[in-house]
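Novice: Coordinates only, no sequence provided:
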């Protein structure tokens, strides 16, 4: 599929958005793995059922009768399933588990383990979103109240912890899972390091491009790469093919985050599901703004607007529009988008290590979808 993605301006010259000629949507791309993705959703639901309820059923099945204290504890134990189902109902693209499933199929594997490990990956991703929203004090997630806005930080932190532990429990379903669990632990560690590193750069108007890329590699790209690599580990791949799939996922993850950050400046708020400009209000300086500030002298208007927004956590509509004009005039949004295209192209090139197949076609189409996102 050939992508003719481009930047365009609205009639007022204020907003810039990503458009594509005809990228496949996720329904098309994920068609080869539709049943497996549905199984991932079902696994999520099973794993967040009340633990005490499950323990009581197991206890009764052994002939032990009713587990002592079950009714008293069950009231508390309902909190996690209710919160987890709320998060699940808010949607999400399920790109990471789909990546694992497609990579496994490309590697010749179609068994149940792919669903189990894809579910573990989705638990990790969901846990990071839950914790990130608390750290960023984000009120919305995908157009709905974030979990902590409904249940408070205390319960929501514990939900994130629960999801992390559940991911490892899932991954340990099989006795020979240690290499995959080790990979998941390494990825999770890198993600936490990325979040900590980002916190040290919060409000830093002088963050460098290299520092920015280090953050998104750790926070996003390693989980994408790990997802694809786990898929390759399930099938029959050569060392070169395993590396190719890992690199495919990694580059796709970088492109995904670059576009995600760019949408903060360019997207329609009703589609994005959160206020535009949210990153800047939260103290995050992303690539387009980094590039713009690097091209302006100290004390120039863009730096004044950015510094004020970072210090106050607010930016007026007039300043926001002015910043948009400056980003466009200096081709800063183009620069960030071109970087996303570079990584998307690198991801596609990695698939040359595999023969043509429906799964390979789906993976080739995924970077096009990422580049054309509007939410």
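Specialist: Structure received. Not measured: the values here are computed from a predicted model. Numbers count the residues shown, from 1 in each chain.
Novice: where in this structure is pLDDT low?
Specialist: 1-23, 49-77, 142, 269-276, 297-299 (pLDDT under 70).
Novice: Strands along that one, start to end?
Specialist: Counting by DSSP state E, the chain has these strands, from start to end: 6-9, 16-19, 140-141, 144-145.
Novice: From the chain's centroid, how far away is the last one?
Specialist: Pointing back at strand 144-145 there. Its chain's C-alpha centre and that of strand 144-145 lie 17 Å apart, by Cα atoms, centre = their mean, to the nearest Å.
Novice: before we move on, what about the third one?
Specialist: Between the mean C-alpha point of strand 140-141 and the mean C-alpha point of its chain there is a distance of 14 Å (Cα atoms, centre = their mean).
Novice: Name every strand pairing with that strand and say which way it goes.
Specialist: strand 144-145 (antiparallel) (DSSP bridges).
Novice: For stretch 230-240, report the contacting residues that lie outside it.
Specialist: Stretch 230-240 is contacted by residues 99-109, 111, 113-114, 117, 121, 179-180, 183-184, 241-242, 245-246, 353 when judged by Cβ atoms under 8 Å, 6 or more residues apart in numbering. Using the backbone N, CA and C atoms, a C-beta is placed for each residue, glycine as well.
Novice: if we go to 7 Å?
Specialist: Contact with stretch 230-240 is made by 100-104, 107-109, 113-114, 117, 179-180, 183, 241-242, 245, 353, as judged by Cβ atoms under 7 Å, 6 or more residues apart in numbering.
Novice: same deal with stretch 278-297?
Specialist: With Cβ under 7 Å, 6+ apart as the test, stretch 278-297 has contacts from 136, 138, 202-205, 207, 209, 212, 258, 261-262, 264-265, 302-303, 306, 309-310, 313-315, 326-327, 330, 332-333, 335-336, 339.
Novice: Now do the buried residues in that stretch.
Specialist: Counting neighbours by 16 or more other Cβ atoms under 10 Å, one finds that the buried residues in stretch 278-297 are 278-293, 296.
Novice: tell me how far it is from the chain's mean position?
Specialist: Counting by Cα atoms, centre = their mean, stretch 278-297 comes out at 21 Å from the chain centroid.
Novice: Backbone dihedrals for residue 177, please?
Specialist: With angles defined as degrees, to the nearest 10, residue 177 sits at phi -90, psi 0.
Novice: Identify the residues contacting it.
Specialist: By Cβ under 7 Å, 6+ apart, residue 177 lies in contact with residue 171.
Novice: How about residue 357?
Specialist: When contacts are counted by Cβ under 7 Å, 6+ apart, residue 357 is found next to residue 106.
Novice: what about residue 116, how many residues close to it?
Specialist: Residue 116: 19 surrounding residues under other Cβ atoms under 10 Å.
Novice: Surely it touches residue 169?
Specialist: No - between residue 116 and residue 169 there is no contact under Cβ atoms under 7 Å: 10.5 Å.
Novice: Helices of the stretch 251-375 of the chain, start to end?
Specialist: For the stretch 251-375 of the chain, the helices defined by DSSP state H, counting those that start in this stretch cover 269-272, 278-281, 287-295, 301-312, 317-329, 332-350, 358-371.
Novice: what would the ones you listed look like in CSV with distance to residue 43?
Specialist: Putting those into CSV (distance: least, Cβ to Cβ, whole Å) gives the following:
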stretch, distance to residue 43
helix 269-272, 29
helix 278-281, 31
helix 287-295, 35
helix 301-312, 41
helix 317-329, 42
helix 332-350, 27
helix 358-371, 21
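Novice: Looking at these, which is nearest to residue 30?
Specialist: Distance to residue 30, taken as Cβ to Cβ, is lowest for helix 358-371 among the helices of the stretch 251-375 of the chain, at 7.0 Å.
Novice: Show residues contacting the closest one.
Specialist: Surrounding helix 358-371, the residues in contact under the criterion Cβ under 7 Å, 6+ apart are 1, 3, 5, 20, 23-26, 29, 32, 102, 105-106, 248, 252, 255-256, 259, 340-341, 344, 347-348, 351, 354.
Novice: same question, stretch 115-122
Specialist: Residues contacting stretch 115-122 (Cβ under 7 Å, 6+ apart): 36, 39-40, 43-44, 94, 96-97, 100-101, 167, 170-171, 173, 180, 184, 227, 230.
Novice: Helices - which of these land there?
Specialist: Using DSSP state H, the subset of the contacts of stretch 115-122 located in helices is 36, 39-40, 43-44, 96-97, 100-101, 167, 170-171, 180, 184, 227, 230.
Novice: So among the contacts of stretch 278-297, which ones count as buried?
Specialist: By neighbour count, with 16+ other Cβ under 10 Å, these hold 136, 138, 205, 207, 212, 258, 261-262, 264-265, 302-303, 306, 309-310, 315, 326-327, 330, 332-333, 335-336, 339 as buried.
Novice: Quick one, which of the helices of the stretch 251-375 of the chain gets closest to residue 159.
Specialist: Closest of these to residue 159 is helix 278-281, at 22.0 Å (criterion: Cβ to Cβ).
Novice: Next, count neighbours for the nearest residue to residue 225 once chain neighbours are set aside.
Specialist: Excluding the flanking residues, the one nearest residue 225 by Cβ to Cβ, 6 or more residues apart in numbering is residue 250, at 3.5 Å. Applying other Cβ under 10 Å, we find 24 residues neighbouring residue 250.
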